[in-house]
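>>> I would like the atomic coordinates for the input below:
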Amino acid sequence: ATQWGGGDAVQQYAGFTAYDSVIENNHAESGGGFYVRTGGLFIHRTQILNNTATLYGGAFFSFGFVSNPNLHDSVVAGNLAKDGGGFYSWGRSADARATNSIITDNVAEYGGPFYTRGGGFFARNSTIVNNTATVEGGGGYADADTNYVPSVNSVIYHNSSPPVLLLDPANTVITYTDIEGGLLGEGNIDADPQFVDLADGDYHLRSGSPCIDSGTSAENGLPDHDIEGNPRPQGLNYDMGAYEMPPCREVPQFDITSFDPEIIWPPNKETVDITVTGSIVLPDACNLISAGYTLIDEYGEHSSSDTLDVDEDGGFMLSLPVTAWRDGDDKIGRSYTPVSYTH
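Numbering: from 1, shown residues only. Just a heads-up that it's a prediction; the model follows:
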């Protein structure tokens with residue numbers, strides 16, 4: 001399009017809805033993928049990829065009163081513009097909103113992922129990562145006229161420096177978000193989110209990520225699923241970002257490699273320390289939080305349980321006191337069986 005909306009233009013109280021679609025390789029002066037003016041744009045499970053704008057909003061440009069693009073479970077990636085590589089929002093109550101969405105690899109002079117002017121941008125459980133601003137606002141740009149930039153349960157990290165430019169921080173209302181460089185706000189953290197593969201664009205969280213269970217469930221309008229349709233939350237609380245980390249349900253491999261001594265003799269009712277060594281091997285997606293052991297006595301006496309000290313490689317060694325005795329009628333003696341558990 002020579003002016004507005006290379007993929008689609010929504011004008012004056014009209015609306016456009018996309019499900020399970022791809023909007024790719026379009027170009028316009030403003031709004032490479034979409035242009036919306038005083039209308040509605042509703043995007044579900046859709047990819048907006050590699051669109052370009054000469055001026056504003058590589059993926060989309062929202063302009064005018066009550067122009068509210070809504071992204072759900074979608075990806076905005078590889079778009080390019082002068083301002084707002086991902087999108088540009090301009091006007092009173094022109095609020096762009098992203099829920100369970102990924103905004104990545106977008107490029108602009110100002111505001112790699114987004115540029116807001118007069119309106120605002122609201123991110124819920126979204127991941128804003130690997131965006132580039134050649135001048136300012138790698139993680140987003142809000143100029144002095146922006147009303148607010150709220151975010152909750154999101155990740156804004158690994159964008160070009162400075163990662164975020166917020167000219168009116170009092171109106172940001174960013175909470176429970178992993179934001180690079182840090183920002184005052186309830187529940188906010190500044191820590192590497194530990195993506196599975198940042199270089200290849202796999203933004204699932206690794207086990208042990210500081211974003212797991214670090215979100216909140218108290219905010220209104222939070223999604224009950226993640227970008228892949230997995231239920232939220234699955235742990236103690238919501239995870240930050242577009243992906244919910246499922247709990248580890250696979251059974252780890254538990255091996256006992258040696259007992260010492262293997263036979264306790266004589267049965268004189270004295271206490272003997274048995275040394276037990278072994279290892280725990282976890283599935284790739286799992287993280288060992290704690291481990292323990294239970295020693296079960298064949299006769300139902302002198303059993304014990306406690307936590308297990310496991311090293312980084314999964315190995316362990318423990319010393320267990322047992323009593324050397326047997327029932328007089330038991331020809332083969334008494335046995336102890338170690339049984340493991342992990343969670």
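
>>> can you give me the strands in the stretch 101-250 of the chain?
For the stretch 101-250 of the chain, applying DSSP state E, counting those that start in this stretch gives strands covering 102-104, 107-110, 114-117, 120-124, 127-129, 132-136, 141-142, 151-152, 155-157, 165-166, 174-175, 178-179, 195-197, 202-205.

>>> could you tell me the least trusted of those strands?
Of all these, strand 165-166 carries the lowest average pLDDT, namely a mean of 69.

>>> quick check, central residue of the chain?
For the chain, the residue sitting closest to the mean C-alpha position, by CA atoms, centre = their mean, is Gly241 at 3.8 Å.

>>> surely Asp260 meets Val272?
No: contact between Asp260 and Val272 fails when scored by CB atoms under 8 Å: they sit 10.6 Å apart. C-betas here are computed from N, CA, C, even on glycine.

>>> between these two, who's got more neighbours?
Val272 (13 against 10; other CB atoms under 10 Å).

>>> helices or strands up against the host helix or strand of that one?
If you go by DSSP states H and E, Val272 is part of strand 271-281. For strand 271-281, the elements it packs on are strand 253-260, strand 315-323, strand 336-342, judged by 3 or more CB pairs under 8 Å, 6 or more residues apart in numbering; DSSP states H and E.

>>> ok, 7 Å please
Contact here means 3 or more CB pairs under 7 Å, 6 or more residues apart in numbering; DSSP states H and E; on that basis strand 271-281 packs against strand 253-260, strand 315-323.

>>> the last one pairs with which strands?
The reference is to strand 315-323. strand 271-281 (antiparallel) (DSSP bridges).

>>> and the partner strand, what's buried?
274, 276, 278-280 (16 or more other CB atoms under 10 Å).

>>> how about Pro233, nearest residue that isn't a chain neighbour?
Ser217 (6.2 Å; CB to CB, 6 or more residues apart in numbering).

>>> what sits up against stretch 205-212?
155, 178, 189, 191, 193-196, 235, 239-241, 243, 245, 285-287 (CB atoms under 7 Å, 6 or more residues apart in numbering).

>>> can we see that at 10 Å?
127, 153-155, 157, 176-178, 189-197, 233-245, 247-248, 282-289 (CB atoms under 10 Å, 6 or more residues apart in numbering).

>>> how long is it from one end to the other?
Across stretch 205-212, the terminal residues are separated by 8 Å (CA to CA, to the nearest Å).

>>> same question for stretch 138-156.
Termini of stretch 138-156 sit 10 Å apart (CA to CA).

>>> if we can go back for a sec, and the contacts of stretch 205-212, which are buried?
127, 153-155, 157, 176-178, 189, 193, 195-196, 233-234, 237-245, 248, 282, 286, 288.

>>> quick revisit: which among the buried residues of strand 271-281 gets closest to Thr99?
Closest approach to Thr99 among these (CB to CB): Ile280, at 38.2 Å.

>>> how far away is the residue lying closest to the closest one once chain neighbours are set aside from Gly328?
Excluding the flanking residues, the one nearest Ile280 by CB to CB, 6+ apart is Gly314, at 4.6 Å. Gly314 sits 41 Å away from Gly328, going by CB to CB, to the nearest Å.

>>> looking at those two, which one has more neighbours?
More crowded of Gly314 and Gly328, by other CB under 10 Å: Gly314, with 17 against 7.

>>> just for the stretch 101-250 of the chain, where's the confidence low?
Within the stretch 101-250 of the chain, the stretches with pLDDT under 70 are 147, 166-171, 248-250.

>>> go with 80
118-120, 144-149, 162-172, 207, 235, 246-250 (pLDDT under 80).

>>> helices along that one, start to end?
Applying DSSP state H, counting those that start in this stretch to the stretch 101-250 of the chain gives no helices.

>>> okay, now Ile332: neighbour count?
For Ile332, using other CB under 10 Å, the count is 6.
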